[in-house]
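1. A predicted structure for the sequence below; I have some questions about it.
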There are 2 protein chains.
Amino acid sequence: MSTKTSESPVRLAAETWESLFRAQVAVMRRLQAGPAFKGLAINEYDVLFTLSRCPSGWLRQNELNDHVLLSQSSLSRLVERLEKRGLVERMPAPDDGRGVLVRLTEAGWELQKQIGREHVRDIANLVGPALTAAEQRELLRLTEKLRAAVAAR
Amino acid sequence: MSTKTSESPVRLAAETWESLFRAQVAVMRRLQAGPAFKGLAINEYDVLFTLSRCPSGWLRQNELNDHVLLSQSSLSRLVERLEKRGLVERMPAPDDGRGVLVRLTEAGWELQKQIGREHVRDIANLVGPALTAAEQRELLRLTEKLRAAVAAR
DNA sequence: CGTCGATAGATGCAAATGCATGTATATCGG
DNA sequence: CCGATATACATGCATTTGCATCTATCGACG
């Protein structure tokens, strides 16, 4: 908790990451426990969510892979499972014979919206009381900056 | 990126969490790819790290579970694996017949220190260039506050 | 064009994970 | 002290994951 003034840059970076990671674990633990994830794993919801945010609807499977913390093969099978459950559909990429495009089905949209609502409510109940609005905005800014810098190179 | 001024509290909280989560995924993806985690999964290192931070050396298995994003049964088997590899040792809790205490062996200490060094270097290379020292301190403060608030209730 | 290295995705297989449950101990109310 | 309920950890089993590898296509270059 104490903010030491004479910390080495390396140590500061490590402690910052450590703290970010622990916060993520703590929040995620609560979210997973909630009723929103009864029949859908967190990674599965994450895929539905990412697809729901995609403007064109279709998304390449390898681009999906950048958003989710899963190996390529695991994502391949996860999408396969979602397809079997009728939540997404796949089609060969028109401009690249190796690629596959994925998008939500109507059922997938419905489920994402339904779970999303509960999920957002749970998040608000966890994060809302923990930080002021100004602090949340600052946290949003800093994590976005970090993500952009890390993804860039 | 744009900081909308007229956001609902619920939406702000959701976007903050979303951003925090994505940043964590982006950083973790890079860290996992590094050579530091060749023979040790991230969760396994996490356990070694947590044990290395424990003042008394011994830590109850259920307390370990609070730090790691794993089910109780998975942690039980993870510790079992680490024990088989000679990195930790277990003993029955003296004050609670149900409990188990865990601590690092000498080999576990060595491995944690070795991997920890590489790990810290990787983190510094990722986070250091992304945020100023002041920003890192602020991010550290906010995530610590968030973690404490979430863990509290 | 034909070859070669790189990339996208799928698949076999062993390992890791979670859920449900089992066993043992602790704690609480009479 | 006794029974009921809760907690800590382990285990059986089905599912999920990752690594290594395979197939097919892409892109570059002679």
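-> Now that the structure is in, tell me what you want to look at.
2. got the contact list for the residue nearest to the spatial centre of chain A?
-> Taking C-alpha atoms, centre = their mean, the centroid of chain A lies closest to residue A:46, which sits 5.0 Å from it. By C-beta atoms under 8 Å, 6 or more residues apart in numbering or on different chains, the residues touching residue A:46 are A:67, A:68. In this view, the C-beta of every residue, glycine as well, is placed from N, C-alpha and C.
3. rerun at 6 Å
-> Taking C-beta atoms under 6 Å, 6 or more residues apart in numbering or on different chains, we find residue A:46 in contact with residue A:68.
4. likewise residue A:118?
-> residue A:36.
5. Same question for residue A:95.
-> Residues near residue A:95 by C-beta under 6 Å, 6+ apart: none.
6. Tell me which helix or strand residue A:126 sits in.
-> helix A:106-127 (DSSP states H and E).
7. Tell me how far that helix lies from the chain's centre.
-> Put simply, helix A:106-127 sits 13 Å off its chain's centre (C-alpha atoms, centre = their mean, to the nearest Å).
8. could you point out where chain A is predicted with low confidence?
-> For chain A, the stretches with pLDDT under 70 are A:1-6, A:153.
9. just checking, what packs against the longest helix seen in chain A?
-> Looking across chain A with DSSP state H, the single longest helix is helix A:9-33. For helix A:9-33, the packing partners by 3 or more C-beta pairs under 6 Å, 6 or more residues apart in numbering or on different chains; DSSP states H and E come out as helix A:106-127, helix B:106-127, helix B:133-152.
10. Which positions in chain A make contact with DNA strand D?
-> A:41, A:43, A:69-74, A:77-78, A:81, A:96-98 (C-beta under 7 Å from any atom of the strand).
11. could you redo the last one with a cut-off of 10 Å?
-> Residues of chain A lying close to DNA strand D (C-beta under 10 Å from any atom of the strand) are A:39-44, A:46-47, A:65, A:68-82, A:84-85, A:92-99.
12. one step back: what is the orientation angle of the longest helix of chain A with helix B:133-152?
-> 30 degrees (axes from the mean of the first three to the mean of the last three C-alpha atoms, to 10 degrees).
13. tilt between the helix or strand just after helix A:9-33 and helix A:9-33?
-> Of the helices and strands lying after helix A:9-33 in sequence (DSSP H and E), the nearest is helix A:42-52. Here helix A:42-52 runs at an angle of 100 degrees relative to helix A:9-33 (the same axes, to 10 degrees).
14. quick one: helix A:42-52 near DNA strand C?
-> Yes: using C-beta under 10 Å from any atom of the strand, helix A:42-52 reaches DNA strand C at residue A:42.
15. for stretch A:143-153, same thing?
-> No: shown here: stretch A:143-153 not in contact with DNA strand C (C-beta under 10 Å from any atom of the strand), separated by at least 15.2 Å.
16. what does that stretch contact?
-> Applying C-beta under 6 Å, 6+ apart, the contact partners of stretch A:143-153 are B:19, B:20, B:22, B:23, B:26, B:27, B:126, B:130.
17. tell me which of the residues you listed is nearest to residue B:10?
-> Distances from those to residue B:10 were compared by C-beta to C-beta; the smallest belongs to residue B:19, at 15.2 Å.
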